[in-house]
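Visitor: heads up, no residue letters with this:
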């Protein structure tokens, strides 16, 4: 069941992945855990031309990019925050996003398959940030960003 604040329209989902240039991946892992979705999906997004920025305090780099301990530490702009964390951790992540200066906030927060938090989604949407819940960004990137 979707809430009024989350994006479920296929055309809008396609537009998000087509327009995404840089994605901060919250909870991304490094090559030592390359069997995990939090590595494989960012790797696939990178393969279709999306720059992925790892956000995880327990790693130093992944996929050739320097890792950052939190979103506030990411020195470049990012279009999307793609989240690989359990649903109960989304509230504090939303707080961190909303604490960023308005000009540094992402346009979209994408919660991976199995991850939902309607309260956090409503707060993000109230600040003008679009939210996708319980969907794999990699599936949409593969579908709508062909390599050629």
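Guide: Looks like it came in fine. Remember, it's a predicted structure, so these values are computed and weren't measured experimentally.
Visitor: all contacts plus neighbour counts: C-alpha atoms, from now on.
Guide: Will do.
Visitor: how many neighbours does residue 57 have?
Guide: Residue 57 has 14 neighbours, counted by other C-alpha atoms under 10 Å.
Visitor: quick one, phi psi at it?
Guide: Main-chain torsions, residue 57, degrees, to the nearest 10: phi -70, psi -10.
Visitor: mind listing the helices for this protein?
Guide: Along the chain, counting by DSSP state H, helices occupy 10-19, 37-47, 90-99, 118-126, 137-144.
Visitor: could you dump the ones you listed to TSV with mean neighbour count?
Guide: Converted to TSV, those look like this (neighbours: other C-alpha atoms under 10 Å):
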stretch	mean neighbour count
helix 10-19	15
helix 37-47	19
helix 90-99	16
helix 118-126	18
helix 137-144	18
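Visitor: Now mean pLDDT too, for the ones you listed, in CSV please.
Guide: Below are these laid out as CSV (pLDDT from 0 to 100):
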stretch, mean pLDDT
helix 10-19, 95
helix 37-47, 96
helix 90-99, 97
helix 118-126, 96
helix 137-144, 94
